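K.L.:
what's the 3D shape of this:
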Amino acid sequence: MRPQSVMLTFLGDHVHGRGICVSSRSFIEAFAKVGISEEATRSTLTRMVRRGLLRRHRSGRRMYFGLTPTSAEVLRDGERRIWHSGVVNDAAEDRWTLIGFSLPESWQRQRHELRSRLVWSGFGPLQNGLWIAPGEVDATEVIDDLRADLGANVKVFAAEPRRPTDMQALVREAYDLEGLGRRYREFLRLWDRADPAPEAPDDLARSLTLLTGWLQIIRADPRLPLRHLPGDWPAEHAQRVCHALHERFRPEAAAVAGRLLDTVPDDCWADLDSGHNGDSDHIMA
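P.N.:
Numbers count the residues shown, from 1 in each chain. Here you go, the predicted structure:
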């Protein structure tokens, strides 16, 4: 697991909405439970500060880290995906968003950036220069930062399929259903058992591993219409397992986190100079 992914899981479950900043030592002790070294944890904290995902405050010899508006939005998005959106689209209407673009071959940077944003937003390639996503996607969020470069080269439509379009075949061609289904089944292999993650030291470690792995899967899942998915699609079963285990792990995980957390109120921190060389991240808590 990537340390930053574990960091976001921990922040979402134990920090977001509580109005607190957390000491570096707390992160180090929590992440050691899932095999992440002290060095990797400190490096991750430093990188997240530089990327605007965390802000830091020194109190005596201790360094504390709090959320930023950017990281708070990332965590809200994760919360929506885990607890509210669901992993399949069972809407009665078969609605799709189409994005078409024609970019010069010399625009390799713009092409790569646009395709990356499209994949992240749930789009799959329908054919050259035409991408499709389930539901009605606000495409302005996808292309907003690129609009000055792309101009009129991108066109967006809302659409419904019509005969003779074979939507099941189209979905198989536009999305890697085999790969996504394999990830859900691997998740079930690891977690759909009476005693999952027996090697973990406690339920905080199990909870961090569970939710980090789950988020990595569902962030890559475009929530395709259930009517176009295979009959044995494992996503909903995996979601039920994830939610049930989180409820099972939550009491001990919260208790362990409570013993580890060294915090200060969020309104008492002060930003350090953004040009700081990061040495203070190595102050021992």
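K.L.:
show me the helices in this structure, by range?
P.N.:
Assigned by DSSP state H, the chain shows helices spanning 3-14, 24-32, 38-50, 69-79, 108-120, 139-143, 147-150, 167-174, 177-191, 203-218, 235-260.
K.L.:
show me what Phe101 is bridged to.
P.N.:
Val154 (DSSP bridges).
K.L.:
for it, which residues are in contact?
P.N.:
Residues in contact with Phe101 (CB atoms under 8 Å, 6 or more residues apart in numbering) are 114, 129, 150, 153-155. Heads up, the C-betas are built off the backbone N, CA and C, glycines and all.
K.L.:
same thing with Tyr184?
P.N.:
Tyr184 neighbours (CB under 8 Å, 6+ apart): 217, 233-235, 238.
K.L.:
pull up the distance across stretch 162-176, start to finish.
P.N.:
Distance across stretch 162-176, first residue to last, is 23 Å (CA to CA, to the nearest Å).
K.L.:
and it, what's buried?
P.N.:
170-172, 174-175 (16 or more other CB atoms under 10 Å).
K.L.:
which one of those is nearest Phe65?
P.N.:
Ranked by distance to Phe65 (CB to CB), the buried residues of stretch 162-176 are led by Tyr175 at 37.1 Å.
K.L.:
which ones are touching the spatially closest residue to the closest one that is not a sequence neighbour?
P.N.:
Distances taken as CB to CB, 6 or more residues apart in numbering place Gly124 nearest to Tyr175, at 4.5 Å, with adjacent residues excluded. Counting by CB under 8 Å, 6+ apart, Gly124 makes contact with 131-133, 171, 174-175, 222.
K.L.:
same check, this time on Leu224
P.N.:
Contacts for Leu224 (CB under 8 Å, 6+ apart) come out as 88-89, 134, 171, 175, 177.
K.L.:
ok, now Arg248?
P.N.:
Asp203.
K.L.:
from Gly52, how far out is it?
P.N.:
Noted for Arg248: a distance of 35 Å to Gly52, by CB to CB, to the nearest Å.
K.L.:
also Arg172?
P.N.:
According to CB to CB, Arg172 stands 39 Å off from Gly52.
K.L.:
and what of Ala254?
P.N.:
Taking CB to CB, one finds Ala254 at 28 Å from Gly52.
K.L.:
of those two, which one has the most company?
P.N.:
Using other CB atoms under 10 Å as the criterion, Ala254 and Gly52 rank with Ala254 on top: 15 against 12.
K.L.:
show me the contacts for Pro125.
P.N.:
By CB under 8 Å, 6+ apart, the neighbours of Pro125 are 131, 174.
K.L.:
about what we covered before: between the buried residues of stretch 162-176, which is nearest Glu39?
P.N.:
Tyr175 (38.1 Å).
K.L.:
so what's that closest one scoring on pLDDT?
P.N.:
Looking at Tyr175, its pLDDT is 93.
K.L.:
please list all residues in contact with it.
P.N.:
By CB under 8 Å, 6+ apart, the neighbours of Tyr175 are 124, 222, 224.
K.L.:
try Ser85
P.N.:
Arg223.
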